[in-house]
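Participant: Here is my input, please return the structure:
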Amino acid sequence: MKIECPDCAQEFDVADDFIGKKVECGSCDHQFTIGDEHVIAEKERFYPGEKKSMDLGKFGKKASGGRGEVAFTPASYQSDVNPDMVGPPRPRKTLAIFGGLALMGLVIIIFLLGGGKEGPLRDIETNNRYVLCGFSALLGSILVIYGSDKNRWLGVMLALILSVILMFIPTMFPGNPVSSFIKPMDVSLTPVTESKSVIEPESMSDYLIRIGYDPIEEALFTHPRETVVGIYVRNADYSTQSKIASYLYYATGRVSREVVFPRGDTGQAAMILLVEQKKSIEQIATLCERFGQVVKMEKDLRLIEVFTDSAKMTEVNEVQLKDPEDPDFEFLNLKSLKHFDPEWQLAAAKRLASAKPGELRADITEQFVDMLPVSHPELQLEIIRALKVWAEPESDIGEAVLNAAKNLHAEGRVSKVCMELLIDRQVAGCELILMDLWNKDPVLWADHFIKLGAGAELMLLPQITKMDTGHLSMASEILGKVGTKECGNYLKGIMENSELDAKKIKSLQAAIDEIKKRS
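Facilitator: Numbering: from 1, shown residues only. Sure, this is the predicted structure:
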């Protein structure tokens, strides 16, 4: 039989003859005399088919004859439930949302990166930009709204916001002015050299129609008058027109990309439109004299007409250009530097950078300095490389090279040769560029900092407590090689008064020890 401890309720199996005897609980050590109240009664067990208990007879076998009332509300179901609204989204709906967002986002990114006046989309007219953005907004919105079954209002709001941004893009990035008189140019035409004979008298209105003046007229509606200049170029084939346009773009400071409108049926004329100009029309006319004769300048109409001088386009002897031993080597390459074609200038700069200076050293140096502000980055790099060879120690080239270095640095293209030239000539301001370069790549520019000498202290010490471990380690190496005694004392003060980690303290101590050895 089973008994239960009255104190801890622990159950035990004991023999039936333990009734009336005193026992001790093995669990809690409580002593008690076993009575009927401590015995656990076993429940009756019944198996299928058995009816051993008389109490089971009270359960009837006859089924109920009536339908009784229920105490719960019967369930009801909707017959028009849309499974798309309650189930997970279908793959095509998800693809539609992502496809619409990707389409609109891609168009926005393309315009942000390439929709400017110098970007690859610069030749797309403003009206066409509106068509492209409008179509992308419509198609993208349909896809997003179609895929947004569960959150229709959210899809509509998202599509609306992106559509507004898309339709605002052409306003932010308008196309360059386009002439309504433009005719496609047949580049297969055989160029016909235009005669410089005087054109028969004609009215101003007929003249403007003949040259296709309307791009200038359209630009004057959207830009301040003094910033618009049109150059009507005659006696120039398609290749020469492109070179002239490229030259004018760089010579005017690259403020706005040039647009070329072919004119005439012979392929020998073009209208070159410049906008947002900072140079005056007189200054631009002077630039045009590099490749031809200024025939007409109408300040009120913002128009310059130039007859291209074929003599200035004549190719020179390449053998003489490339042979440093030729007596005319310097003269011919100087002539190439003065040419308006950037390709001629670049080739001449490369040749002169590898040649030994001669009698025309001063003239070539002066030409390089004049070219620096108006040259494209690749040509600027070659000019600086050539100046390192050709410029005499007493020549005043520092300011021109420094300004070019700032432009190159802004585009991430400044070279080691450029910084070496500035440091060797101790041009004030170059240390700021060097500091920025060193912050980005301390290993690459460490040697240039060492060449600064005492100037390295002025740049590194104020920043040394803000440097990370890698930069501080490199700065300590530089200061150890060029630092003065005062620099060592300054570093010692930093170690005593600043909370630096062990690696930084070790680097600074190494610099101090190196300075002491040199003192």
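Participant: And the helices in the stretch 51-200 of the chain?
Facilitator: Per DSSP state H, counting those that start in this stretch, the stretch 51-200 of the chain carries helices over the ranges 83-86, 91-114, 126-147, 152-172.
Participant: go on, the stretch 401-519 of the chain?
Facilitator: Going by DSSP H, counting those that start in this stretch, the stretch 401-519 of the chain shows helices at 416-424, 430-440, 446-452, 455-460, 469-482, 485-497, 502-518.
Participant: can you redo those as JSON lines with distance to residue 242, mean neighbour count and mean pLDDT?
Facilitator: To be clear about C-beta, it is placed using only N, CA and C from the backbone, and glycine gets the same treatment. Below are the helices of the stretch 401-519 of the chain laid out as JSON lines (distance: least, CB to CB, whole Å; neighbours: other CB atoms under 10 Å; pLDDT from 0 to 100):
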{"stretch": "helix 416-424", "distance to residue 242": "29", "mean neighbour count": "19", "mean pLDDT": "93"}
{"stretch": "helix 430-440", "distance to residue 242": "34", "mean neighbour count": "18", "mean pLDDT": "93"}
{"stretch": "helix 446-452", "distance to residue 242": "39", "mean neighbour count": "18", "mean pLDDT": "91"}
{"stretch": "helix 455-460", "distance to residue 242": "44", "mean neighbour count": "19", "mean pLDDT": "89"}
{"stretch": "helix 469-482", "distance to residue 242": "47", "mean neighbour count": "20", "mean pLDDT": "92"}
{"stretch": "helix 485-497", "distance to residue 242": "56", "mean neighbour count": "14", "mean pLDDT": "88"}
{"stretch": "helix 502-518", "distance to residue 242": "56", "mean neighbour count": "16", "mean pLDDT": "90"}
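Participant: I'd like the ones you listed as a markdown table, with distance to residue 29 appended.
Facilitator: Shown next, in a markdown table, are the helices of the stretch 401-519 of the chain (distance: least, CB to CB, whole Å):
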| stretch | distance to residue 29 |
| --- | --- |
| helix 416-424 | 92 |
| helix 430-440 | 80 |
| helix 446-452 | 83 |
| helix 455-460 | 82 |
| helix 469-482 | 68 |
| helix 485-497 | 72 |
| helix 502-518 | 63 |
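Participant: related to what we said a few turns ago, go through the helices of the stretch 51-200 of the chain and pick out the most buried.
Facilitator: Sort those by mean neighbour count, taking mean count of other CB atoms under 10 Å, and helix 126-147 sits at the top with a mean of 18.
Participant: got the CA coordinates for that helix in CSV?
Facilitator: This file holds the C-alpha atoms of helix 126-147, laid out as CSV (Å, rounded to 0.1, in the frame of the first residue of the first chain):
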residue,chain,number,x,y,z
THR,A,126,15.6,69.9,-72.3
ASN,A,127,12.3,68.8,-73.9
ASN,A,128,13.7,65.4,-74.5
ARG,A,129,14.8,65.2,-70.9
TYR,A,130,11.2,65.9,-69.8
VAL,A,131,10.0,63.2,-72.1
LEU,A,132,12.5,60.7,-70.7
CYS,A,133,11.8,61.6,-67.0
GLY,A,134,8.1,61.6,-67.6
PHE,A,135,8.0,58.2,-69.2
SER,A,136,10.2,56.8,-66.5
ALA,A,137,7.9,58.3,-63.8
LEU,A,138,4.8,56.9,-65.5
LEU,A,139,6.1,53.4,-66.0
GLY,A,140,7.8,53.2,-62.6
SER,A,141,4.6,54.5,-60.8
ILE,A,142,2.5,51.9,-62.5
LEU,A,143,4.8,49.1,-61.5
VAL,A,144,5.0,50.3,-57.8
ILE,A,145,1.3,50.8,-57.5
TYR,A,146,0.5,47.4,-59.1
GLY,A,147,2.8,45.6,-56.7
